[in-house]
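Visitor: Turn this into a model:
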Amino acid sequence: METKAKSLGALTMGLIAASGSALAQTSEREQPLAFFVADRLMYDDNLFRLPEPALRDPSEQPIEESADYINQLTAGFRTQLNLGRQDLRFTGRVDDVRFRNNDQLDYTGGAANLVLDWTFGSRWSGELSGDYQRSRASYTNYRFVERDIVEALGGELEARFELGPRFALLAGARARRTEHSDDERRAENFESEAAWGGIEYASSATDRFILEYQYLEGDFPDSFAPGSADARDRSYEETLINFRTEYEITSKLHFRGNVGNLERTYAPGSISNDYSSGIWRATLDWQPRSKLGFELSAWRDLKAYVDAESDYFVADGASIGPKWTPSDKLELAIEYVYEEQDYIGTPILSGSGEPSIEADAGRIDEVDIARFTASYAPRDFLELDLTWAYIERSSNRPTREYDAQVASVALRFVF
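Guide: Here you go, the predicted structure:
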């Protein structure tokens with residue numbers, strides 16, 4: 001389920017992109033057209049997410065340099081156009097990523113995003129969007145140390161029909177495709193199509209309640225070569241009945257949350273098992289001072305790492321993060337995330353040769369992430385971003401355990 005695929009792994013996978021997006025928030029917001037160039041240096045002391053030497057599998061490929069310095073040079077732009085009652089936004093960037101000790105991993109990546117906020121008549125409104133991203137696959141969830149570039153392409157249409165001052169009908173459709181560049185990882189190529197509908201009740205300008213139904217079809221079209229004796233139909237259907245709400249408890253305390261029932265059914269003869277359970281998420285946003293805010297979240301969900309979609313797990317987690325903005329030029333944030341991951345998927349993972357089924361029933365991991373970020377914009381055209389993160393994974397499978405520290409500094413010019 002691609003809407004649930006952006007798990008905690010996305011945090012570690014996206015550290016390179018995170019600084020660039022954080023820096024984009026100030027100078028570009030007021031400009032109809034803005035260009036930027038940025039250079040970011042990152043240090044990762046466990047790039048391949050390896051356990052301690054004593055716990056490593058001797059049959060796996062030895063790694064000479066797990067610690068590395070990574071330099072990312074980025075150029076991009078952002079534009080916003082007002083077309084009468086329609087608003088069009090487009091952002092794009094190109095990344096040149098170089099590794100000091102593992103230059104076989106060098107690659108060119110980037111991202112693009114197009115959003116059209118549309119209005120038709122007095123009752124119809126919605127959003128049409130498309131996005132593309134090209135980035136290096138993480139080594140968080142599987143033992144594969146070659147260069148694998150993941151390309152993700154998606155499109156989405158949302159529509160809203162106003163029934164009256166308080167009620168509205170909602171509908172939408174979404175399609176996504178994820179592809180791996182390395183032949184040995186193409187078994188994890190994933191595609192999905194989804195549609196949903198619901199009804200919204202808005203009791204005030206800040207409070208709303210939504211009941212919705214979603215249907216999704218997912219597939220791994222490149223699992224095995226056609227005619228392979230190991231071929232299995234890994235497609236599945238998924239339904240979700242979900243209730244969402246946004247509620248202002250006080251002027252300084254806001255609640256967002258959802259609760260629903262998720263049903264996933266695989267094709268007959270599949271190597272994966274069906275899943276049925278409740279999911280939920282609750283978030284409190286508290287802003288005791290105008291420059292100080294806190295966010296507290298807890299959840300239970302079905303997730304997968306975006307570059308290992310078949311290796312899904314039940315995630316129970318929580319996070320807390322204060323954010324302090326002492327001035328218009330400086331923002332400081334701290335975040336702590338904990339998640340228990342109960343793996344129930346049946347992945348097709350391989351380190352060499354043909355793809356192979358690698359079931360690991362009973363695996364349970366615990367992930368702790370602590371992160372600090374600081375953003376400073378002394379001038380409208382100049383921004384500085386600092387990031388530090390500590391990631392620790394414990395597991396009942398010792399070869400899956402690791403810890404890592406990632407630090408980065410980025411300088412960005414906007415013109």
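
Visitor: for the stretch 51-200 of the chain, what spans make up the strands?
Guide: Counting by DSSP state E, counting those that start in this stretch, the stretch 51-200 of the chain has strands at residues 68-83, 86-99, 107-120, 124-136, 149-162, 167-180, 190-202.

Visitor: buried stuff in the second one?
Guide: Under the neighbour-count criterion of 16 or more other CB atoms under 10 Å, strand 86-99 has Phe90, Thr91, Arg93, Asp95, Val97, Phe99 buried. Glycine gets a C-beta too; all of them are placed from N, C-alpha and C.

Visitor: Likewise for stretch 243-251?
Guide: Buried residues in stretch 243-251 (16+ other CB under 10 Å): Arg244, Thr245, Glu246.

Visitor: same question, stretch 122-142
Guide: For stretch 122-142, using 16+ other CB under 10 Å, the buried residues are 125-126, 128-131, 133-142.

Visitor: Let me have the buried residues of stretch 243-251 in CSV, adding distance to Gly257 and pLDDT as columns.
Guide: Below are the buried residues of stretch 243-251 laid out as CSV (distance: CB to CB, whole Å; pLDDT from 0 to 100):
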residue, distance to Gly257, pLDDT
Arg244, 7, 98
Thr245, 6, 98
Glu246, 8, 97
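
Visitor: Helices of the protein, start to end?
Guide: 8-13, 15-23 (DSSP state H).

Visitor: mean confidence score for the last one?
Guide: Just to be clear, that refers to helix 15-23. The average pLDDT for helix 15-23 rounds to 40.

Visitor: what's the answer for stretch 66-86, then?
Guide: Averaging pLDDT along stretch 66-86 gives 94.

Visitor: what does stretch 295-315 give?
Guide: 89.

Visitor: Show me how far it is from its chain's centre.
Guide: With CA atoms, centre = their mean, to the nearest Å as the basis, stretch 295-315 stands 10 Å off its chain's centre.

Visitor: Same check on stretch 365-380?
Guide: The chain centre lies 16 Å from the centre of stretch 365-380; the measure is CA atoms, centre = their mean.

Visitor: Can you give me the buried ones in that stretch?
Guide: Asp365, Glu366, Val367, Ile369, Arg371, Thr373, Ala374, Ser375, Ala377.

Visitor: Between the buried residues of stretch 122-142, which sits nearest Glu64?
Guide: Nearest to Glu64, judged by CB to CB, of those is Tyr139 at 15.0 Å.

Visitor: Could you pull up the residues touching that closest one?
Guide: Residues near Tyr139 by CB atoms under 8 Å, 6 or more residues apart in numbering: Leu47, Phe48, Arg49, Val145.

Visitor: Where neighbours are concerned, which of the residues you listed has the most?
Guide: Neighbour counts for the contacts of Tyr139, by other CB atoms under 10 Å, peak at Leu47, which reaches 24 neighbours.
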